[in-house]
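> What follows is a predicted structure for the sequence shown.
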Amino acid sequence: MTQPNLWTNPGRPLQLLVVEDEPKLAVLVCRYLDAAGFQTGILADGRLVVNAVRTNPPDLVLLDLMLPGRDGIDICREIRTFSSVPIIMMTARVEEIDRLLGLELGADDYICKPFSPREMVARVRAVLRRTLSDAIKPQQSAVAEAVLEKPAEVSPPPDGLWIDTVRHSAWLEGVALELTPVEFRLLSVLAAMPGHVFSREDLLERLYEDHRVVNGRTVDTHVKNLRRKMGRILPDSELIQSVYGMGYKYQP
């Protein structure tokens, strides 16, 4: 199995390896990191990651937890046997973060999907600042510092769904969705776990943090409004689907 050529722009000093098997997400992550002044490479197969880090060491690895071929936990453990490269683990489940912390894998940070572009870039910069003296050569430090201080220029992605939890904004196919706070939370919950069916009760617990008494049919109303707004952009697609007798799921 041949090793892919990861780095396509050798002029940039800080090289980040994005390990993610969802093509659209991987491309979007790299787009925002490139805009922030980093150089990026993508791998989707977990079996290729360790060899890539050995033969072409990056300055930081963004590592998805669930990968084909080999999972992120095993990959992180093996990398730590020979390298101190900064690693940020990515997971679609909030509850997984506590388990990952308990495993003491040696990862430098954890980020939960869906994450905002600003949060992702901020996390990458924060980790690199902590490890700057080890991650780059001394003669590169001035250029690297300039990249780490460069403001993130984030623009709406051209396709798919993207959620910015910092600005409480969402885009579908590059078009901003005008959502109420509850609709935004609803979309964020559903999109965090594509294909997972949430009951009305599960959604109510996540939508109303003050645990107010709300009729379960309130969720139906919010879903209807959310579908209508998304349908204006993608009239032939129903991204939020009903599962009879169970609840709702987000299915891209």
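Perfect, I can see it now.

> Report the mean per-residue pLDDT for the helix or strand residue 123 falls within.
Assigning secondary structure by DSSP states H and E places residue 123 in helix 117-130. Taken as a whole, helix 117-130 carries a mean pLDDT of 86.

> what do you get for stretch 231-239?
90.

> If you count neighbours, what's buried in that stretch?
Buried residues in stretch 231-239, counted by 16 or more other Cβ atoms under 10 Å: 233, 239. For glycine as for every other residue, the C-beta is placed from the backbone atoms N, C-alpha and C.

> same deal with stretch 40-52?
So for stretch 40-52, counting by 16+ other Cβ under 10 Å, buried means 40-44, 46, 48-50, 52.

> same check, this time on stretch 177-191
Under 16+ other Cβ under 10 Å, the buried positions of stretch 177-191 are 177, 179, 182-191.

> Take these and lay them out in TSV including pLDDT, secondary structure and distance to residue 114.
As requested, the buried residues of stretch 177-191 are exported to TSV (pLDDT from 0 to 100; DSSP: H, G, I helix; E, B strand; the rest coil; distance: Cβ to Cβ, whole Å):
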residue	pLDDT	secondary structure	distance to residue 114
177	90	strand	13
179	89	coil	14
182	87	helix	17
183	90	helix	15
184	89	helix	11
185	87	helix	12
186	89	helix	13
187	90	helix	9
188	86	helix	7
189	86	helix	10
190	88	helix	10
191	85	helix	5
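
> Looking at those residues, which is nearest residue 226?
Using Cβ to Cβ, residue 183 is the member of the buried residues of stretch 177-191 that lies nearest residue 226, at 5.1 Å.

> Any figure for the gap between that closest one and residue 63?
Distance, residue 183 to residue 63, by Cβ to Cβ, to the nearest Å: 32 Å.

> How about the contacts made by the closest residue to residue 75 other than its chain neighbours?
Among residues not flanking residue 75 along the chain, residue 49 sits closest, at 5.0 Å (Cβ to Cβ, 6 or more residues apart in numbering). Residue 49 sits next to 17, 19, 43, 61, 63, 67, 70, 75, 79 when contact means Cβ atoms under 8 Å, 6 or more residues apart in numbering.

> which of those lies closest to residue 200?
Out of these, the member with the shortest distance to residue 200 (by Cβ to Cβ) is residue 67, at 32.7 Å.

> quick one, helices of the chain?
23-35, 49-55, 72-79, 94-103, 117-130, 132-135, 141-149, 181-192, 200-207, 217-231 (DSSP state H).

> per the record, what domains does the chain have?
15-132, 161-250 (the TED database).

> which of the ones you listed is buried the deepest?
Most buried of the domains of the chain by mean neighbour count (mean count of other Cβ atoms under 10 Å) is domain 15-132; its value is a mean of 18.

> what about it, distance to the chain center?
Relative to the centre of its chain, domain 15-132 is centred 10 Å away, using Cα atoms, centre = their mean, to the nearest Å.

> Save the contacts of residue 49 as a markdown table, and put in pLDDT too.
Listed next are these as a markdown table, based on pLDDT from 0 to 100:
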| residue | pLDDT |
| --- | --- |
| 17 | 95 |
| 19 | 95 |
| 43 | 93 |
| 61 | 96 |
| 63 | 95 |
| 67 | 90 |
| 70 | 91 |
| 75 | 94 |
| 79 | 95 |
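
> Taking those together, which two end up most distant?
17 and 70, at 14.8 Å, using Cβ to Cβ across these.
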